[in-house]
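> Here you go, sequence then predicted model.
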Amino acid sequence: MVCCGMAAALTACSNDDYLGGHYTTDGAGVVLNVTAQTDKAWSEGDVIGIAAGYGQNDGTARNREYVCQADASSFKNKSGFPIYVKGNTCIVAYYPFVGTDGAEPTITLNTLNQDQVTDYYFARAEGVTRQTSQVNLAFKHALAEVTLKITAPSGESINSCRLSGFAQKATVNSYTLAKTLDAPEDLVVKGADMKSVTLKLIPQALSADGAVKPQLVLIGSIRSYTIDMSKLQLEAGSSQEAIVNVTDGIGTVDFVPGDSKWEDSGAGGDVKAQ
């Protein structure tokens, strides 16, 4: 009789409260089917990480590995424990996947070494309910891209530049995708007679009133040039050019939309050098 009672209890738990590997409050839920789009070409085997907005209180809804299928747009859960939609929530996702399936990941943006920047993509889908069986995730770059087009005076060569007043590191909340910025750090780029420099930067609000002013310093073979960059707009997924002209020894900077595959930032206006 005891054995029969235990068996009955386990059966009830399985049928009512434990669906698809996920505990539910009322024994109801829907397996999430996922497709994703971005400006990169997905390849079979690419892995994205997905979490539900209530994932901090539900270990079954955090950092689940979803793998790109042969159609290069649909993604299936890798571990056999897919996200189960059990109530009103949002779905957030990122690429490339880090950490371990089911464990809260540490997502860090770091642009100090421009040769080793991880180009993360983020996506967020709002208004997901238990009636939602299909979610399409629209990914875009987590970073902003800025190309410096440099024109120096005749006989001058620019051999390095320093960007100050910008945070170069940030941690990302895996449930909200909100960023926590570190203190600003100088970003130094070196080269030989630099004419064009493309930087990937963390989206952030800039202020000329901060302790460290947003500015660009060009180090030339004859002199250096300091340029105010507080009007630069850094938006996730945006691309723009900064036309840097220092031929008169002072210089101006014009921010213009970029022509890359990233989204047009829409920034504009003139910035005078100091």
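Thanks, I have the structure now. Just so we're clear, the structure is a prediction, and the values are computed from it rather than from any experiment.
> confidence score at Ser174?
Listed pLDDT for Ser174 reads 90.
> Count the residues that sit near it.
23 (other CB atoms under 10 Å). Backbone N, C-alpha and C define where each C-beta goes, glycine included.
> for the one 4 residues further on, same thing?
Counted with other CB under 10 Å, residues neighbouring Ala178 total 10.
> The most centrally placed residue in the chain - nearest residue in space that isn't next to it in sequence?
Nearest to the geometric centre of the chain sits Ala142, at 2.3 Å (CA atoms, centre = their mean). Setting aside the residues directly before and after it, Ala142 is nearest to Tyr120 in space (CB to CB, 6 or more residues apart in numbering), at 4.1 Å.
> In this structure Phe166 contacts Ala183, no?
No: with contact defined as CB atoms under 8 Å, Phe166 does not count as touching Ala183 (10.5 Å).
> Neighbour count: those two, which is higher?
Phe166 (23 against 9).
> For the residue nearest to that one when sequence neighbours are not counted, which three-state class applies?
Spatial nearest neighbour of Phe166, excluding adjacent residues (CB to CB, 6+ apart): Pro184 at 5.7 Å. Three-state assignment for Pro184 (DSSP: H, G, I helix; E, B strand; the rest coil): coil.
> Roughly how far does Pro184 sit from Thr89?
Separation of Pro184 from Thr89 (CB to CB, to the nearest Å) stands at 35 Å.
> who has more neighbours, those two?
The neighbour count for Pro184 versus Thr89, taken as other CB under 10 Å, is higher for Thr89 (23 against 20).
> Quick check: bridge partners of that one?
Residues in a beta bridge with Thr89, per DSSP bridges, are Val128.
> you'd agree it is up against Asp58?
No: contact criterion CB under 8 Å: Thr89 and Asp58 do not qualify, at 9.6 Å.
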